[in-house]
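Undergrad: From the sequence below, what's the structure:
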Amino acid sequence: MTLPASIIALLPESVLTLTAILIMLIEAVLKPATSRKPLGWLAIAGASATGFIGYYQLRLGMISAFSGSVQVDPFSIFFHLLIAAVVVATLLGSLDYFQGHASHAGEYFALVLFGAVGMMLMTCSVDLLMVFIGLEISSISTYILAGFRKGQPTSAESSLKYFLLGSFATAFFLYGIALVYGATGSTSIAAIAAALGASATPHMAFLALAMMLVGLGFKVSAAPFHLWTPDVYQGAPAPVVGFMSTAPKAAAFAVLLRVLFTGFPMMQHRWSLLLWGLAALSMTIGNLGALKQTDVKRMLAYSSIAHAGYLLAAFTAFTPAGIAAACFYAAAYAAMNVGAFAVVTQAGGFNEALRTVEDYRGLALRRPLLATLLSVFLLSLIGIPFTGGFFAKFYVFTAVLQAGHVWLAVIALLNSGIACFYYLRLLASVYARPEEAATSTSQIPAPAPAIGVAAGLALTLAAAATLMLGVLPGRFLHLANFASSSLRATYATTPCATPSADSRHACLPQ
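TA: Alright, predicted model coming up:
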């Protein structure tokens, strides 16, 4: 029996939703003292199932449902698999995090799944209203997760700040949708491209695009929409930060790729310059801001701003290589950043005892395995060869140079050099000996707490992905090219604007 297209198209989101609802129902009848680990394993099973469903969808080709507002293709499936992998790693690293500290951990597992539902819906939506619905589902979940360490003032502050600033950013995105509807008479991305390609580009449409960029720029922590990032990352639970710094960003970048390359390709000569400036600003502000930080989570927050700039640089290429490089970078960044925050989670625990760079001094003596894994992730964030971060930056910089943006590539290379200072400063502290002023007893490493099976599996998966992307990048780049090819195929079905003196790149190169 063949399932209807509407069911197949949203099967991953349906599985995650049903799993989250089941977790909430079970949570309601459990006694406070009962362990919530089984609920976590149930959430992991639901997230893992979406990966197998994605491979099943891939065999069926492109699926369009709900009057063309949802489109499942290799591009959306690529990001579905990426989001599912981040969710699985986050949940594995969180199973022991709440043990003995919170009786409401089941709500945490359900909220992570609900957030993933919104993110997956964003990646497969080809109508701006559906994108907005997915964005809201994702945002509401992450607003609550940011304040999940109840009783901690910094956690409540981060949640409130994220909610208030996120609401403003969402309003910008929604107002952009209203303006683009006024300019083209539709919220369908394909219809928008057809309307703009058949006539002179109205100024209202560019204003609409600029406002949508504000909303999406907030989600990806791009400067100058980054002001919430350091405070929220500092106050939110470490595993939540690992999740919200990767999965929502991947979804937002997927939306941005689809909107720019299939909805507004005839405006490329305008938005490319805008993204050029945003990329340069994000890289510079992120890396310079990280240099001054002593709090590790704030340092990684500014680092995420810089990496958003590197990824935005790929958008300026407007070539198949640029799209593939953006997809590859999103996957590499997800692996190394989730891994870095998994180490922070295991090293500091629920109370986050290790907060500053100085607190990590001598970590290699106390917990050598965690120190080794943190080294791998930090070296990948720098972009050292044989790690995923190296090839991610290599592909992005190559695409930028091929597009003729030499100065942007120079700025990116200089910022990569600046980033070495704060990453290596943390790495040096990890392998430094304790202060000489410490007593001889304190210099003896305390017995390292055992890493749980689930947390160990999460760290292993993140480290393996980081190294595989650096040692054998060809297969992953092939997947990224396959994902970008479906986006280019979608673009090929929409009419191109008539080339003019200021729109020489109206059609995407094949």
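Undergrad: Tell me the first helix or strand C-terminal of the longest helix belonging to the chain.
TA: Determined from DSSP state H, the single longest helix within the chain is helix 153-184. Once the chain leaves helix 153-184, the next helix or strand it forms, by DSSP states H and E, is helix 189-197.
Undergrad: what angle do the helix or strand following that following helix and helix 153-184 make?
TA: Of the helices and strands lying after helix 189-197 in sequence (DSSP H and E), the nearest is helix 203-219. Put simply, helix 203-219 runs at 160 degrees to helix 153-184, going by axes from the mean of the first three to the mean of the last three C-alpha atoms, to 10 degrees.
Undergrad: For helix 203-219, name the packing helices and strands.
TA: helix 128-146, helix 153-184, helix 247-258, helix 268-291 (3 or more C-beta pairs under 8 Å, 6 or more residues apart in numbering; DSSP states H and E). No exception for glycine: its C-beta is placed from N, CA and C like everyone else's.
Undergrad: which stretch in these has the least confidence?
TA: Among those, helix 153-184 carries the lowest mean pLDDT, a mean of 91.
Undergrad: sorry, back to before: point out the most buried one among the helices and strands packed on helix 203-219.
TA: helix 247-258 (a mean of 26; mean count of other C-beta atoms under 10 Å).
Undergrad: Just the CA coordinates for it, please, in PDB.
TA: What follows is helix 247-258, C-alpha atoms only, in PDB (Å, rounded to 0.1, in the frame of the first residue of the first chain):
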ATOM      1  CA  ALA A 247      20.600  22.800  14.600                       C
ATOM      2  CA  PRO A 248      18.600  26.100  14.500                       C
ATOM      3  CA  LYS A 249      21.400  27.700  12.600                       C
ATOM      4  CA  ALA A 250      21.500  24.900  10.000                       C
ATOM      5  CA  ALA A 251      17.700  25.300   9.500                       C
ATOM      6  CA  ALA A 252      18.000  29.000   9.100                       C
ATOM      7  CA  PHE A 253      20.900  28.700   6.600                       C
ATOM      8  CA  ALA A 254      18.900  26.200   4.600                       C
ATOM      9  CA  VAL A 255      15.900  28.700   4.500                       C
ATOM     10  CA  LEU A 256      18.300  31.500   3.500                       C
ATOM     11  CA  LEU A 257      19.800  29.300   0.700                       C
ATOM     12  CA  ARG A 258      16.400  28.400  -0.700                       C
END
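Undergrad: what separates it from the chain centre, distance-wise?
TA: 7 Å (C-alpha atoms, centre = their mean, to the nearest Å).
Undergrad: Point out where the stretch 301-450 of the chain drops to low pLDDT.
TA: 436-449 (pLDDT under 70).
Undergrad: ok, 50 please
TA: 437-445 (pLDDT under 50).
Undergrad: what does the stretch 1-150 of the chain give?
TA: For the stretch 1-150 of the chain, counting by pLDDT under 50, not a single residue falls below.
Undergrad: all strands of it, in order?
TA: 63-65, 70-72 (DSSP state E, counting those that start in this stretch).
Undergrad: Which one of those strands lies nearest to residue 166?
TA: Among those, the nearest to residue 166 by C-beta to C-beta is strand 70-72 (24.3 Å).
Undergrad: and that closest one, what other elements does it pack with?
TA: So strand 70-72, by 3+ C-beta pairs under 8 Å, 6+ apart, packs with helix 5-9, strand 63-65, helix 105-124.
Undergrad: Identify all contacting residues around that strand.
TA: 8-10, 57, 62-65, 121, 124-127, 130, 490 (C-beta atoms under 8 Å, 6 or more residues apart in numbering).
Undergrad: Weed out the non-buried ones from the residues you listed.
TA: Those of the contacts of strand 70-72 that meet the buried threshold are 8-10, 57, 63, 65, 121, 124-127, 130, 490, by 16 or more other C-beta atoms under 10 Å.
Undergrad: got CSV for the residues you listed, with distance to residue 460 too?
TA: Output for those, formatted as CSV (distance: C-beta to C-beta, whole Å):
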residue, distance to residue 460
8, 33
9, 33
10, 32
57, 27
63, 34
65, 37
121, 30
124, 30
125, 34
126, 37
127, 39
130, 36
490, 37
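Undergrad: mind checking how far the closest residue to residue 303 other than its chain neighbours is from residue 298?
TA: Residue nearest to residue 303 in three dimensions, not counting chain neighbours: residue 290, with 5.4 Å by C-beta to C-beta, 6 or more residues apart in numbering. Using C-beta to C-beta, to the nearest Å, we find residue 290 at a distance of 8 Å from residue 298.
Undergrad: how about the closest residue to residue 390 other than its chain neighbours, what does it touch?
TA: Closest residue to residue 390 apart from its sequence neighbours, by C-beta to C-beta, 6+ apart: residue 383 at 4.9 Å. Going by C-beta under 8 Å, 6+ apart, residue 383 touches 389, 390, 392, 393, 416, 419.
Undergrad: State the distance from residue 383 to residue 417.
TA: For residue 383, the distance to residue 417 - C-beta to C-beta - is 10 Å.
Undergrad: do residue 61 as well
TA: 45 Å.
Undergrad: Then residue 431?
TA: For residue 431, the distance to residue 417 - C-beta to C-beta - is 22 Å.
Undergrad: next one: residue 397
TA: 13 Å.
Undergrad: Show me which of these two is the more surrounded one.
TA: residue 397 (22 against 11; other C-beta atoms under 10 Å).
Undergrad: What's the separation between residue 190 and residue 291?
TA: 44 Å.
Undergrad: ditto for residue 227
TA: In terms of C-beta to C-beta, residue 227 sits 18 Å off from residue 291.
Undergrad: Can you report how many residues lie near residue 104?
TA: Neighbour tally, residue 104, other C-beta under 10 Å: 12.
Undergrad: that older thread, quick one: which of the strands of the stretch 1-150 of the chain is nearest residue 37?
TA: The nearest among the strands of the stretch 1-150 of the chain, by C-beta to C-beta, is strand 70-72 at 33.1 Å.
Undergrad: Can you get me a residue count around residue 335?
TA: 30.
Undergrad: Check residue 151 too.
TA: 8.
Undergrad: For it, which three-state class applies?
TA: Look at residue 151: counting by DSSP: H, G, I helix; E, B strand; the rest coil, its state is coil.
Undergrad: average model confidence for stretch 260-267?
TA: 91.
Undergrad: how far does it stretch from start to finish?
TA: Using C-alpha to C-alpha, to the nearest Å, one end of stretch 260-267 lies 8 Å from the other.
Undergrad: how far out from the middle of the chain is it?
TA: With C-alpha atoms, centre = their mean, you get 22 Å for stretch 260-267.
Undergrad: and residue 203, which of the helices and strands packed on helix 203-219 is closest to it?
TA: Nearest of the helices and strands packed on helix 203-219 (C-beta to C-beta): helix 153-184, 8.7 Å.
Undergrad: could you give the angle of that closest one to helix 247-258?
TA: 10 degrees.
Undergrad: same for helix 153-184, what does it pack against?
TA: By 3+ C-beta pairs under 8 Å, 6+ apart, helix 153-184 packs against helix 128-146, helix 189-197, helix 203-219, helix 229-235.
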